[in-house]
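Peer 1: Below are the sequence and a predicted model for it; my questions follow.
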Amino acid sequence: MFKNICKQSGVVHVTFEMIQSIVPRHAHTSSAVLDVSPGPAAGIMEYETAEVDAGIKIQKFWRRCSPKLLGYREFLQSQQGQAIEKYLDLCVKHSGRLAFKVLLVSQGVEASLRLAALQASLNQKHLDVMRLIVEVDVELSFYETIDSVLEALNRLDGLLKIQADDLSEVVLAKLIEGGDVPELQRFLHGVKTDLAEAEKELLELEPTMGQVYRHVRKEGGS
């Protein structure tokens, strides 16, 4: 609700300090005089009782609601919040029914977060291996192990790119516009199945990655 209000024309964004500045410490008089000017030439602004009362009400409302509003803003800036907002906007843009929103906010967001976590882990492992190759002198025979790790990482990277394409706006928009809820459900189930397979393969790669790290520590300490 507040997000939509803020988008309206003529709405001015103010800080709590600006609201507080128009409420005098003793608001029981019929009017209050407050100098809000940065210099002596700007003059004096006078506030009547109704304006002061309005300021007090706004101040109380802000004190009560600002933690929730700020928490909501932080949530929207999180990865999960951004994914939810993306899918809701996608449904609005392509006239998706409530069932599509429910599926995308639950299963679609879950798939997006899992994909992002896999991509981050994969990228970090790839950077680690490349850095170790550059910074440490490794015996020639061990390069076969390193090469197998890079091949596995590159293959997983290709699989994740396919999943990213599947969760793209273009693909999901076609499914929404198709109007077939069970089809979208089957599609998201397939995406999550593929992600589970990628997670399994990445986990199976951990022992080999451990050998690489141990070998490099050994070479670095010698």
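Peer 2: In hand now; what should we look at? Numbering: from 1, shown residues only.

Peer 1: Would you map the helices across the chain?
Peer 2: 2-7, 16-21, 49-77, 79-93, 98-103, 109-135, 143-166, 169-178, 181-204, 206-221 (DSSP state H).

Peer 1: would you list these in CSV and tack on mean pLDDT?
Peer 2: Shown next, in CSV, are the helices of the chain (pLDDT from 0 to 100):
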stretch, mean pLDDT
helix 2-7, 53
helix 16-21, 51
helix 49-77, 70
helix 79-93, 88
helix 98-103, 90
helix 109-135, 88
helix 143-166, 90
helix 169-178, 93
helix 181-204, 94
helix 206-221, 70
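
Peer 1: So what does G96 have for phi and psi?
Peer 2: Main-chain dihedrals, G96, degrees, to the nearest 10: phi -80, psi 140.

Peer 1: for it, what are its contacts?
Peer 2: Going by Cβ atoms under 8 Å, 6 or more residues apart in numbering, G96 touches L90, L104, I176. The way it works is simple: take the backbone N, C-alpha and C, and place the C-beta from them, glycine included.

Peer 1: May I ask which of those residues has the most neighbours?
Peer 2: L104 (26 neighbours; other Cβ atoms under 10 Å).

Peer 1: I'd assumed L90 was in contact with that residue.
Peer 2: Yes: under the criterion of Cβ atoms under 8 Å, L104 makes contact with L90 at 7.1 Å.

Peer 1: need the contacts of G96 in TSV with distance to L188, can you?
Peer 2: As requested, those are exported to TSV (distance: Cβ to Cβ, whole Å):
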residue	distance to L188
L90	13
L104	8
I176	12
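
Peer 1: State the distance from L203 to E169.
Peer 2: 30 Å (Cβ to Cβ, to the nearest Å).

Peer 1: Show me which of these two is the more surrounded one.
Peer 2: Taking neighbours as other Cβ under 10 Å, L203 and E169 compare with E169 leading, 14 against 10.

Peer 1: Good, wrapping up.
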